[in-house]
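Undergrad: okay, here's the prediction I keep looking at, along with the sequence it came from:
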There are 2 protein chains.
Amino acid sequence: MNYPNKKVKSNNNFIEYGNRGMTLESDINSSNKYYLDNDIAIIYKKPTPIRVVKVNYNNRINTKITEAYYEVPSTTDYNGIYKGKYIDFEAKETKSKTSFSLNNIHEHQIRHLISIERHGGISFLIIRFVMIGKTYLLFTKDFESFINNNDRKSIPLSYIEDNGYLIKEGYNPILNYLDIVDKMGDVYGKI
Amino acid sequence: MNYPNKKVKSNNNFIEYGNRGMTLESDINSSNKYYLDNDIAIIYKKPTPIRVVKVNYNNRINTKITEAYYEVPSTTDYNGIYKGKYIDFEAKETKSKTSFSLNNIHEHQIRHLISIERHGGISFLIIRFVMIGKTYLLFTKDFESFINNNDRKSIPLSYIEDNGYLIKEGYNPILNYLDIVDKMGDVYGKI
């Protein structure tokens, strides 16, 4: 019943996404560059934490790291400022067509997002369903409410459709996620 | 005229600093941990950006990076949230007893700090004069005003004494820099 061709035709986002072959990370980085260049917001991806074990100083131009390991990030991937407000979020892709597994996000990252919310910041998840070609923004309070009221290990897509917001995709910015923060900010009394 | 012993005796901070053998970075990280543990503020140091060139997947437990290079950071080292406000700063040590050289800080980092200020965040420099054993907080607006009104390549200590704020050192937090943000925040209409 799953005809790839039909699927591609019925979903422009999917075609576009496939053509661009871009990852969620590069789409967000590009959108953040648009926000920065247009003086709309200052939001950056944090560098990946790496534990350096050995370096080689022989090369005079550039210190060469010869042994290092990836570390688990303490917080989320993205933070910055928009309209005077502290913004903080984590972005994840899933290949599932039905749900977002909570295994995708570390428990201390969830605690961090909740903490930011409590301190008056705006925090959320950006979740891309790669196979469906749709990207959603789910505010932490709705994410938290799901976790508190469910024993499930994954959030159904239907919950995200009902409680999250579909992010409009375009040419520039590719993902206009601040549009949702704008519209919903006053609901939270924060923008 | 420069008797090291006399100097050490006359300055408790210096002795303490020497005894602890701590760097500014570890003092700030420890203070941020205090703020975090006591739910006062959520401020982290960003990981150092590293460009990974080669990795070795042979080791099943942990991916080993075998070639990588340090990159110039896009922004400042520290950011986070305090009392609902976006906080952003860079921290630098100097061995000079008379001035802080502007070579210590990248031009794009200066632009970033000014930008944050303009977007309604609170941004500043933390400058430690290692030989004097004193650490100052200089808000971006005072830093900017110095740059705009001077051709000098360094900020004299006297300017920092007059326009910055001496950070109280203690046991925990070691550097209570948010105390200054607290006291001065209302001057800027931001806290």
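TA: Nice, thanks for sending it over.
Undergrad: going by C-alpha atoms from here, please, whenever you check contacts or count neighbours.
TA: Will do.
Undergrad: please save the CA atoms from stretch A:137-151 in PDB.
TA: Provided in PDB are the C-alpha atoms of stretch A:137-151 (Å, rounded to 0.1, in the frame of the first residue of the first chain):
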ATOM      1  CA  LEU A 137       7.400  23.000  17.500                       C
ATOM      2  CA  LEU A 138       6.200  21.700  20.900                       C
ATOM      3  CA  PHE A 139       6.500  24.100  23.800                       C
ATOM      4  CA  THR A 140       8.000  22.600  27.000                       C
ATOM      5  CA  LYS A 141       4.700  23.000  29.000                       C
ATOM      6  CA  ASP A 142       2.900  20.800  26.600                       C
ATOM      7  CA  PHE A 143       5.800  18.300  26.400                       C
ATOM      8  CA  GLU A 144       5.900  18.300  30.200                       C
ATOM      9  CA  SER A 145       2.200  17.800  30.500                       C
ATOM     10  CA  PHE A 146       2.500  14.700  28.200                       C
ATOM     11  CA  ILE A 147       5.300  13.200  30.300                       C
ATOM     12  CA  ASN A 148       3.400  13.900  33.600                       C
ATOM     13  CA  ASN A 149       0.200  12.300  32.400                       C
ATOM     14  CA  ASN A 150       1.500   9.300  30.500                       C
ATOM     15  CA  ASP A 151       3.700   6.300  31.200                       C
END
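Undergrad: buried ones in it?
TA: Using 16 or more other CA atoms under 10 Å in any protein chain shown as the burial criterion, the residues of stretch A:137-151 that qualify are A:137-141, A:143-144, A:146-147.
Undergrad: mind giving me the packing neighbours of the host helix or strand of A:I116?
TA: Here A:I116, judged by DSSP states H and E, is contained in helix A:107-118. Packed against helix A:107-118 by the contact rule (3 or more CA pairs under 8 Å, 6 or more residues apart in numbering or on different chains; DSSP states H and E) you find strand A:85-94, strand A:122-129, helix A:140-149.
Undergrad: which intervals of chain A have sub-threshold pLDDT?
TA: Counting by pLDDT under 70, chain A shows low-confidence ranges at A:1-21, A:59-61, A:185-191.
Undergrad: residue furthest from the geometric center of it?
TA: Relative to the mean C-alpha coordinate of chain A, counting by CA atoms, centre = their mean, the farthest residue is A:N58 (39.3 Å).
Undergrad: quick one: that residue from chain B, how far?
TA: Here the criterion is CA to the nearest CA, to the nearest Å. By it, A:N58 lies 13 Å from chain B.
Undergrad: can you tell me the SS state at that residue?
TA: Secondary structure, DSSP: H, G, I helix; E, B strand; the rest coil: A:N58 is coil.
Undergrad: any idea which residue sits dead centre in chain A?
TA: A:A91 (1.8 Å).
Undergrad: which residues touch the closest residue in space to A:G120 that isn't next to it in sequence?
TA: Setting aside the residues directly before and after it, A:G120 is nearest to B:G84 in space (CA to CA, 6 or more residues apart in numbering or on different chains), at 4.4 Å. Residues counted as contacts of B:G84 (CA atoms under 8 Å, 6 or more residues apart in numbering or on different chains) are A:85-86, A:119-121.
Undergrad: out of these, which is most surrounded?
TA: Highest neighbour count within the contacts of B:G84, by other CA atoms under 10 Å in any protein chain shown: A:Y86, with 28 neighbours.
Undergrad: quick check: it touching A:I122?
TA: Yes: counting by CA atoms under 8 Å, A:Y86 does reach A:I122; the two are 6.2 Å apart.
Undergrad: what bridges to the residue nearest to A:K134 when sequence neighbours are not counted?
TA: Nearest residue to A:K134 in three dimensions, chain neighbours excluded: A:R128, at 5.8 Å (CA to CA, 6+ apart). With DSSP bridges as the criterion, A:R128 is bridged to A:E93, A:T135.
Undergrad: contacting residues for A:R128?
TA: Contacts for A:R128 were tallied using CA under 8 Å, 6+ apart; they are A:24, A:91-94, A:134-136.
Undergrad: now check the lengthiest helix in chain A, is it near chain B?
TA: In chain A, with assignment by DSSP state H, the single longest helix is helix A:24-37. No: if you take CA under 8 Å from any CA of the partner chain as the test, helix A:24-37 misses chain B, and the best it gets is 9.9 Å.
Undergrad: quick check: what element follows that helix along the chain?
TA: On the C-terminal side of helix A:24-37, the nearest following helix or strand under DSSP H and E is strand A:41-45.
Undergrad: just checking: what are the partner strands of that following strand?
TA: strand A:78-82 (antiparallel).
Undergrad: and the angle from the strand it pairs with to strand A:85-94?
TA: Relative orientation of strand A:78-82 and strand A:85-94, computed by axes from the mean of the first three to the mean of the last three CA atoms, to 10 degrees: 140 degrees.
Undergrad: ok, back up a step: so can I have CSV of the helices and strands packed on helix A:107-118 showing distance to A:A68?
TA: Shown next, in CSV, are these (distance: least, CA to CA, whole Å):
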stretch, distance to A:A68
strand A:85-94, 24
strand A:122-129, 29
helix A:140-149, 33
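Undergrad: and of these, who's closest to A:L102?
TA: With CA to CA as the measure, helix A:140-149 is the member of the helices and strands packed on helix A:107-118 nearest A:L102 (9.3 Å).
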